[in-house]
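Asks: sequence and predicted structure, then a few things I'm wondering about:
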Amino acid sequence: MWNVNFTPPQIIEARVLTRLPDALRIARRSEWADANKPGQIVDSFLEGPTFDRAGNLFVTDIPHGRIFRISPDLRWEVFAETAGWPNGIAMHRDGSLWVADYRCGLLRVEPIHGDVEVVRGHRNSESFRGLNDLTFDAEGNLYFTDQGQTGLHDPTGRVYRLRPSGQLDLLLSNVPSPNGIALDPSQRFLYVAATRANSVWRMPLLPDGSVSKAGAFQTFFGNSGPDGLAMDVDGRLVVAHASLGGAFVLDAQGWCTHFVRSPIGLHGGTVTNIAFRPGTNQLVLTESGSGTVLVADLPAAGAQLFSHT
């Protein structure tokens, strides 16, 4: 995956921003941990960072069904509980949180009191495999991944688009573990992290709304694979990798220009998801294995979000 001229990526050292308080950790077994972290007691597993207009940071805690709100002065509180396994979050322009919940489907969380409603619990009466992540485009179309337990043994993960009209389009149905999802600044290309293929797929969005010629944009290695994705204003794709101790920064041709290194490292660390603080070049990273949120300064600001336009 390295550059053909063998130029190593520049290292950007991430630093700890905040840590889930001990009082909010739940040290008991869960069905999610039994399936995904067998034999472990998982007191938290943070995912889905996103910001509101007031500067609050929201993250999910998958095994215990919680959504936390972290204030600008780093105070944590439980904002909502989904009764499921919430993963990725995307902020809508109206201030509501849209949540990819593995157990419950696509959810919407009311921005004032944290009330939860199900937007889509199934497609054509068939249950989702297990939703993972999501993103809005500039027109308010919502793209989301349906990962479940798919992988190279069962490459049937799906990618959907929900239009503001309510129409649900199936874009891909053959992805081995679709995870993070992002659009380039032109909104012409869609990127999907295929975790168990250890690669990021890139595909054009055609004028009729379909996708075509999906290909492997970059291929990685390691015990797991690419997870959350984020895009900067210059078209660089930032890729969180769950087993390589940080996040890779790829330019528009797929060259790895920078590596954001977690201070926790490879042993015990799990960098799962990322988001730019809107209007800045500051990237936050969920370090799920330790219940920590990291921060790093990247070369450019994040791409403009539907929530903040």
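Replies: Alright, I've got the coordinates.
Asks: give me the below-cutoff pLDDT ranges for the stretch 1-150 of the chain.
Replies: Along the stretch 1-150 of the chain, segments meeting pLDDT under 70 span 1-3.
Asks: can you do 80?
Replies: For the stretch 1-150 of the chain, the stretches flagged by pLDDT under 80 are 1-6.
Asks: going along the chain, name the strands of the stretch 151-300 of the chain.
Replies: Using DSSP state E, counting those that start in this stretch, the strands found in the stretch 151-300 of the chain span residues 157-162, 168-175, 178-183, 189-194, 199-204, 215-219, 226-231, 237-241, 246-250, 256-261, 271-276, 282-287, 292-297.
Asks: just checking: what are the partner strands of the third one?
Replies: Counting by DSSP bridges, the strands paired with strand 178-183 are strand 189-194 (antiparallel).
Asks: now what about the partner strand, what contacts it?
Replies: With Cβ atoms under 8 Å, 6 or more residues apart in numbering as the test, strand 189-194 has contacts from 143, 145, 157, 159, 171-172, 175-184, 200-205, 211, 216-217, 225-229, 231, 237, 239. (Each C-beta comes from the backbone N, C-alpha and C, glycine too.)
Asks: again, 6 Å this time
Replies: Applying Cβ atoms under 6 Å, 6 or more residues apart in numbering, the contact partners of strand 189-194 are 159, 175-176, 178-183, 200-205, 226, 229, 237.
Asks: over to stretch 168-186?
Replies: Counting by Cβ under 6 Å, 6+ apart, stretch 168-186 makes contact with 132-133, 135, 137, 143, 145, 147, 150-152, 155, 157-162, 190-197, 211, 227-229, 231, 235, 303, all of which sit outside it.
Asks: tell me if I am right that Glu117 is in a helix.
Replies: No: counting by DSSP: H, G, I helix; E, B strand; the rest coil, one finds Glu117 to be strand, located in no helix.
Asks: pull the contacting residues for it.
Replies: Glu117 makes contact with Arg108, according to Cβ under 6 Å, 6+ apart.
Asks: so what's it bridging to?
Replies: In beta-bridge terms (that is, DSSP bridges), Glu117 pairs with Arg108.
Asks: narrow the contacts of stretch 168-186 to those that are buried.
Replies: Burial by neighbour count, 16 or more other Cβ atoms under 10 Å: within the contacts of stretch 168-186 this picks out 132-133, 135, 143, 145, 147, 150-151, 155, 157-162, 190-197, 211, 227-229, 231, 235, 303.
Asks: looking at the strands of the stretch 151-300 of the chain, which is closest to Gly95?
Replies: strand 271-276 (16.5 Å; Cβ to Cβ).
Asks: can you lay out the strands of the stretch 151-300 of the chain as CSV showing mean pLDDT and distance to Arg53?
Replies: Output for these, formatted as CSV (pLDDT from 0 to 100; distance: least, Cβ to Cβ, whole Å):
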stretch, mean pLDDT, distance to Arg53
strand 157-162, 98, 23
strand 168-175, 97, 28
strand 178-183, 98, 21
strand 189-194, 98, 25
strand 199-204, 98, 29
strand 215-219, 97, 31
strand 226-231, 98, 18
strand 237-241, 98, 22
strand 246-250, 97, 25
strand 256-261, 96, 25
strand 271-276, 97, 14
strand 282-287, 98, 16
strand 292-297, 98, 19
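Asks: in a markdown table: these, plus distance to His122.
Replies: Formatted as a markdown table, the strands of the stretch 151-300 of the chain follow (distance: least, Cβ to Cβ, whole Å):
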| stretch | distance to His122 |
| --- | --- |
| strand 157-162 | 12 |
| strand 168-175 | 10 |
| strand 178-183 | 18 |
| strand 189-194 | 21 |
| strand 199-204 | 25 |
| strand 215-219 | 30 |
| strand 226-231 | 25 |
| strand 237-241 | 29 |
| strand 246-250 | 33 |
| strand 256-261 | 37 |
| strand 271-276 | 25 |
| strand 282-287 | 28 |
| strand 292-297 | 33 |
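Asks: contacts only, for Ser96.
Replies: Arg108, Pro111.
Asks: now swap in Gly215 and tell me
Replies: Gly215 neighbours (Cβ under 6 Å, 6+ apart): Arg202.
Asks: excluding its backbone neighbours, what's nearest the residue positioned nearest the centre of the chain?
Replies: What sits nearest the mean C-alpha location of the chain, by Cα atoms, centre = their mean, is Gly228, with 3.5 Å. Using Cβ to Cβ, 6 or more residues apart in numbering and skipping the chain neighbours, the partner closest in space to Gly228 is Asn273 (3.2 Å).
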